[in-house]
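Novice: sequence plus the predicted model coming up.
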Number of protein chains: 2
Amino acid sequence: MSSASASEPETGEILPDWVRPIVKESLSERAYRELRVALMRGQLRPDTRLRLRPMSARFGISATPMREALLRLVSEKALALDARGSVVVPRLALDQLLEIRAIRTDLEGRAAAAAIASPVAEIDALEAIHAQIAQCHARRDFARAVNLNTEFHLSLCRLGRMPILSEIVELLWVRCGPILSHLYDDGVPDWEPHPHRRIIDALRRGNSDAARDAVREDIERGGSGLFAHVRASPAG
Amino acid sequence: MSSASASEPETGEILPDWVRPIVKESLSERAYRELRVALMRGQLRPDTRLRLRPMSARFGISATPMREALLRLVSEKALALDARGSVVVPRLALDQLLEIRAIRTDLEGRAAAAAIASPVAEIDALEAIHAQIAQCHARRDFARAVNLNTEFHLSLCRLGRMPILSEIVELLWVRCGPILSHLYDDGVPDWEPHPHRRIIDALRRGNSDAARDAVREDIERGGSGLFAHVRASPAG
DNA sequence: GTATGTAATTTGTTATAACAAACATCGCGC
DNA sequence: GCGCGATGTTTGTTATAACAAATTACATAC
């Protein structure tokens, strides 16, 4: 992340970096965030029912904030409502997966093209993430590799400094979370040279077209492992 | 809209078109939808505070579902929370407006390219909307013209048959709603030939590249009237 | 008039209770 | 064993109350 001082109120004094504004977080928000990362990490399987009262008991909060957290994720389509009104982890259809891939092609491609102006330190950080991915592949820790891959893509998006775009892309990744865990069921193929390398090289060379193309190739290849784990028809 | 029968449960019998499944709508959802269209129509001005209890009184519901509706719009960034935790209509910054325009260029462009496969009847419907826009311009009813323009773009997106993409674009239009009303403060320029015409022609010819380019030109021209009504710096 | 302190109101947040509908359980009859 | 009905539980939904923090109103002092 970049320094938060840009949007901080002016105090007239230089404060140490670790002095951050204390964000008061409501119970509803905490539950929301915890559920969201669980989804993105693939820790919730499709068709899992998240019943209101058991959930609020697990979180140690009452039904009201729990419901708010669940409904918020429903409105992001990260969760869904079944016929009864119960919250369930949705099952992604093939159509939807293809559509998300197409949208990501556009948006992550644009973010990558915009990211060529990034300071070297941030590109280094991106490369460090990919280095970790390579390590995980070497020791066949596919679960961690998939999560790091998510982090790679979201970090790349943030480099583009388009907050609204980043937020949309993140939403798409959250929606894919529940099936991402399937990616390492069969093991993940290891390309040589990895598309991530081409992305990083393009960023360093400042070539926006190359960056966009590299991202698009990465997205096209990367998602294909998911198709086997997805139904052809939407819902029902 | 297209026929809903595709996702309906199989009854084994042919039902009349007007037989639609009764959707039970919670109070929270109704308040949410009403507020949402009010936003999209530009009926809520930036910086308006939407206090919880007065709002629930106006809607004739209790605080719980009202709060859910408001928080849902907050999570879509169609509304925002101020320092006190009150819900306010956000003020769009120039950065954000430019970013939204860029994203719309990608997404609406893709939708238009995908829409070339649409049946003629639906293209006709799109053209009918533009005809209404032209009429509104003639009688200088700019308020209605702006709302119809929104409808034109969202209808075009739906023609692309990419539901997730449509939903994202709709979100962006909701976020722009509160400043869209400013568009007709100064009157809206009338281009000849109007970019909408080029879009429709491209759809009829089945030329996806032309459709995409026409949409992009429309977006570039159309948004420029907003810049005067937007602040350069984000928030504070 | 201005400042200040206090009381009253209003704010967002959370917990709890009440309600109807859906679901599950169990027992009974055959 | 199988169907069926009564019953008890659990579900989502909504309203209400309690709480603290913030805001406003107002009276008092200077």
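Specialist: Yep, that arrived.

Novice: quick check, stretch A:26-46 touching DNA strand D?
Specialist: No - Stretch A:26-46 lies apart from DNA strand D when judged by C-beta under 7 Å from any atom of the strand; the minimum separation is 12.4 Å. The C-beta positions use only the backbone N, C-alpha and C, and glycine is treated the same way.

Novice: would you mark the buried spots in that stretch?
Specialist: Within stretch A:26-46, the residues that count as buried by 16 or more other C-beta atoms under 10 Å in any protein chain shown are A:27-29, A:31-32, A:35-36, A:39-42, A:44, A:46.

Novice: JSON lines for those, including secondary structure?
Specialist: As requested, the buried residues of stretch A:26-46 are arranged in JSON lines below (DSSP: H, G, I helix; E, B strand; the rest coil):
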{"residue": "A:27", "secondary structure": "helix"}
{"residue": "A:28", "secondary structure": "helix"}
{"residue": "A:29", "secondary structure": "helix"}
{"residue": "A:31", "secondary structure": "helix"}
{"residue": "A:32", "secondary structure": "helix"}
{"residue": "A:35", "secondary structure": "helix"}
{"residue": "A:36", "secondary structure": "helix"}
{"residue": "A:39", "secondary structure": "helix"}
{"residue": "A:40", "secondary structure": "helix"}
{"residue": "A:41", "secondary structure": "coil"}
{"residue": "A:42", "secondary structure": "coil"}
{"residue": "A:44", "secondary structure": "coil"}
{"residue": "A:46", "secondary structure": "coil"}
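
Novice: please enumerate the strands of chain A.
Specialist: With DSSP state E as the criterion, chain A has strands at A:49-50, A:80-81, A:87-88.

Novice: of these, which stretch is the most buried?
Specialist: For the strands of chain A, average neighbour numbers computed from mean count of other C-beta atoms under 10 Å in any protein chain shown are highest in strand A:87-88, which has a mean of 20.

Novice: ok, and what's touching that one?
Specialist: With C-beta atoms under 8 Å, 6 or more residues apart in numbering or on different chains as the test, strand A:87-88 has contacts from A:47-52, A:70-71, A:73-74, A:79-82.

Novice: just send those residues back as TSV, with pLDDT and distance to residue B:150 too.
Specialist: Compiled in TSV, the contacts of strand A:87-88 are given as follows (pLDDT from 0 to 100; distance: C-beta to C-beta, whole Å):
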residue	pLDDT	distance to residue B:150
A:47	93	37
A:48	95	37
A:49	95	37
A:50	97	35
A:51	96	39
A:52	96	36
A:70	97	31
A:71	96	26
A:73	96	27
A:74	96	25
A:79	97	28
A:80	96	27
A:81	95	27
A:82	92	32
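
Novice: and those, which is closest to chain B?
Specialist: Nearest to chain B among the contacts of strand A:87-88 is residue A:71, at 5.8 Å by C-beta to the nearest C-beta.

Novice: how near is that closest one to residue A:146?
Specialist: 28 Å (C-beta to C-beta, to the nearest Å).

Novice: picking that back up, and the strands of chain A: which comes nearest DNA strand D?
Specialist: Of all the strands of chain A, strand A:87-88 sits nearest to DNA strand D, with 5.7 Å by C-beta to the nearest atom of the strand.

Novice: for the closest one, the distance to its chain's centre please.
Specialist: Computed by C-alpha atoms, centre = their mean, to the nearest Å, the chain-centroid distance of strand A:87-88 equals 20 Å.

Novice: dump stretch A:95-102 to PDB, restricted to CA.
Specialist: Extracted as PDB, the C-alpha positions of stretch A:95-102 are listed here (Å, rounded to 0.1, in the frame of the first residue of the first chain):
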ATOM      1  CA  ASP A  95     -21.100 -18.200 -18.700                       C
ATOM      2  CA  GLN A  96     -20.300 -16.100 -15.700                       C
ATOM      3  CA  LEU A  97     -16.700 -17.300 -15.500                       C
ATOM      4  CA  LEU A  98     -16.200 -16.500 -19.100                       C
ATOM      5  CA  GLU A  99     -17.800 -13.100 -18.700                       C
ATOM      6  CA  ILE A 100     -15.700 -12.300 -15.700                       C
ATOM      7  CA  ARG A 101     -12.600 -13.300 -17.600                       C
ATOM      8  CA  ALA A 102     -13.600 -11.000 -20.500                       C
END
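
Novice: pull out the buried residues from that stretch.
Specialist: Across stretch A:95-102, burial judged by 16+ other C-beta under 10 Å covers A:95-97, A:99-102.

Novice: low-scoring stretches of chain A, by residue?
Specialist: For chain A, the stretches with pLDDT under 70 are A:1-23, A:183-192, A:223-236.

Novice: where does residue A:54 sit relative to residue A:122, distance-wise?
Specialist: Taking C-beta to C-beta, one finds residue A:54 at 42 Å from residue A:122.

Novice: neighbour count: the two, which is higher?
Specialist: Taking neighbours as other C-beta atoms under 10 Å in any protein chain shown, residue A:54 and residue A:122 compare with residue A:122 leading, 16 against 11.

Novice: which one is the more buried one nearest to, not counting chain neighbours?
Specialist: residue A:159 (5.8 Å; C-beta to C-beta, 6 or more residues apart in numbering or on different chains).

Novice: wait, isn't residue A:42 in contact with residue A:177?
Specialist: Yes - using C-beta atoms under 8 Å, residue A:42 makes contact with residue A:177 at a distance of 5.2 Å.

Novice: can the longest helix that chain A contains be said to contact chain B?
Specialist: Counting residues, the longest helix found in chain A (DSSP state H) is helix A:94-114. Yes - on the criterion C-beta under 8 Å from any C-beta of the partner chain, helix A:94-114 is in touch with chain B at A:96, A:99-100, A:102-103, A:106-107, A:110.
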